[in-house]
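quick one: sequence and predicted model below, then my questions.
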Amino acid sequence: SRVIDISPSLKRRIPWISSNWQLELLPLAATEDWTAYDLRPTAVAHTGLRILRLLAAIAVGQPPSTQPIADVLQRGWTPAVPQAMTSLNTALILCADHELNISSFTARCVASAASTPYASVIAGLAALQGTKHGGHTARAEALFNEVRTPQHARTVLSQRLRRGEAIPGFGQHLYPEGDPRGQRLLHLTAAMCPDAPTVALSQAICEAAHSLIGEYPNIDYGLVTLSLALDLPPSGALTLFAIGRAIGWIGQAIEAYHDDQLIRPRARYVGLAPDPS
């Protein structure tokens, strides 16, 4: 439950700004945290807490804090909107786990090799940064910038379809009736910021998307709406996604350490048969 100890050498190498981001700084912190090699469940939970506090500190550009993660994010990002803490906490919970998605499976595979929790989280972040995973939030955010006003929503989305382009932030094959995570975030944001221009723009885009392609907003769209309504820093939606999902990666790691079984899928050759001659 303690704050990670930052040595003077590491502190000099870490300017507390979020632009450096997690993939660069976590390996540095890992070299200073020898207790991370203790893979017993309680020890891993404590290591995971130190990792999460470090991720939150990087996101808000401040030293690590013992305060709850959502509280740290709210105070660092939206100090004038204390009610945002509940929405940020909900977003973290909704992002924490989603079956064996690619980043969670990657983190679990790394943990099954008895690598440290730092290594598991770094692996998860590496998968999350892919354009087919966490990259969805950047495309959804770009859609808001493209539409700009509610009156342009249907026109912009129609033009995207005419050009053969997808409408980002809509549809989730696991939820044909709509992603409940995205809907929850949209409802929370609308209740918290009913007069925010972003909320009206988001609702207009949702209506246009459903009328054109029959799809509902997913969690990426919900995160972007929340991020823009609260005027979070650039890539705030992806940052929330990463920190929330990191909570799940730590849980995956604890289970993998307990299973003590190396994950080793088998492969079947399906190419040309060798020439018997």
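Alright, I've got the coordinates.

how many residues are close by the nearest residue to Arg40 once chain neighbours are set aside?
Excluding the flanking residues, the one nearest Arg40 by CB to CB, 6 or more residues apart in numbering is Tyr257, at 7.9 Å. To be clear about C-beta, it is placed using only N, CA and C from the backbone, and glycine gets the same treatment. Neighbours of Tyr257 under the rule other CB atoms under 10 Å: 19.

isn't Tyr257 right up against Val44?
Yes. Tyr257 lies in contact with Val44 (CB atoms under 8 Å); the separation is 6.3 Å.

these two touch, right, Leu238 and Thr137?
Yes. Counting by CB under 8 Å, Leu238 does reach Thr137; the two are 4.6 Å apart.

who has more neighbours out of those two?
Thr137 (27 against 22).

my guess is that one contacts Ala237. True?
Yes. Taking CB under 8 Å as the definition, Thr137 is a contact partner of Ala237 at 4.3 Å.

overlap in contacts, the two.
Common contacts of Thr137 and Ala237 (CB atoms under 8 Å, 6 or more residues apart in numbering): 220, 223-224.

pull up the overlap in contacts between Leu238 and Thr137.
Residues touching both Leu238 and Thr137 by CB under 8 Å, 6+ apart: Leu223.

residue contacts, the residue lying closest to Arg154 once chain neighbours are set aside?
Nearest residue to Arg154, sequence neighbours excluded (CB to CB, 6+ apart): Ala208, at 4.2 Å. Ala208 sits next to 153-154, 157 when contact means CB under 8 Å, 6+ apart.

at 10 Å what do you get?
Contacts for Ala208 (CB atoms under 10 Å, 6 or more residues apart in numbering) come out as 147, 150, 152-158, 167.

check Thr189 too.
Contacts of Thr189 by CB under 10 Å, 6+ apart are 84, 87, 91, 196, 198-199, 202, 222-223, 225-230.

then Val224?
With the criterion set at CB under 10 Å, 6+ apart, Val224 makes contact with 136-144, 168-169, 182, 185, 198, 202, 217, 232, 236-238, 240-241.

and it, how far is that from Gly134?
12 Å (CB to CB, to the nearest Å).

who touches both of those two?
What both Val224 and Gly134 touch, as defined by CB under 10 Å, 6+ apart, is the set 237-238, 241.

ok, so of the residues you listed, who is nearest Gln67?
Taking CB to CB as the measure, Gln67 lies nearest Phe241 of these, at 20.9 Å.

please tell me how far the nearest residue to Gln261 once chain neighbours are set aside sits from Ala84.
Of all residues not flanking Gln261 in the chain, Ser112 sits nearest, at 6.5 Å (CB to CB, 6+ apart). Using CB to CB, Ser112 is found at 37 Å from Ala84.

between those two, which has more neighbouring residues?
When Ser112 and Ala84 are compared for neighbours, Ala84 comes out ahead with 24 against 20, by other CB under 10 Å.

export the host helix or strand of Leu92 to CSV, keeping only CA atoms.
Following DSSP states H and E, one finds Leu92 within helix 84-96. What follows is helix 84-96, C-alpha atoms only, in CSV (Å, rounded to 0.1, in the frame of the first residue of the first chain):
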residue,chain,number,x,y,z
ALA,A,84,-15.9,14.0,-12.2
MET,A,85,-14.2,11.6,-9.9
THR,A,86,-17.2,9.3,-9.9
SER,A,87,-17.3,9.2,-13.7
LEU,A,88,-13.6,8.6,-14.0
ASN,A,89,-13.7,5.8,-11.5
THR,A,90,-16.6,4.2,-13.4
ALA,A,91,-14.6,4.5,-16.6
LEU,A,92,-11.6,2.7,-15.0
ILE,A,93,-13.9,-0.1,-13.7
LEU,A,94,-15.5,-0.5,-17.1
CYS,A,95,-12.1,-0.7,-18.8
ALA,A,96,-10.5,-3.1,-16.3
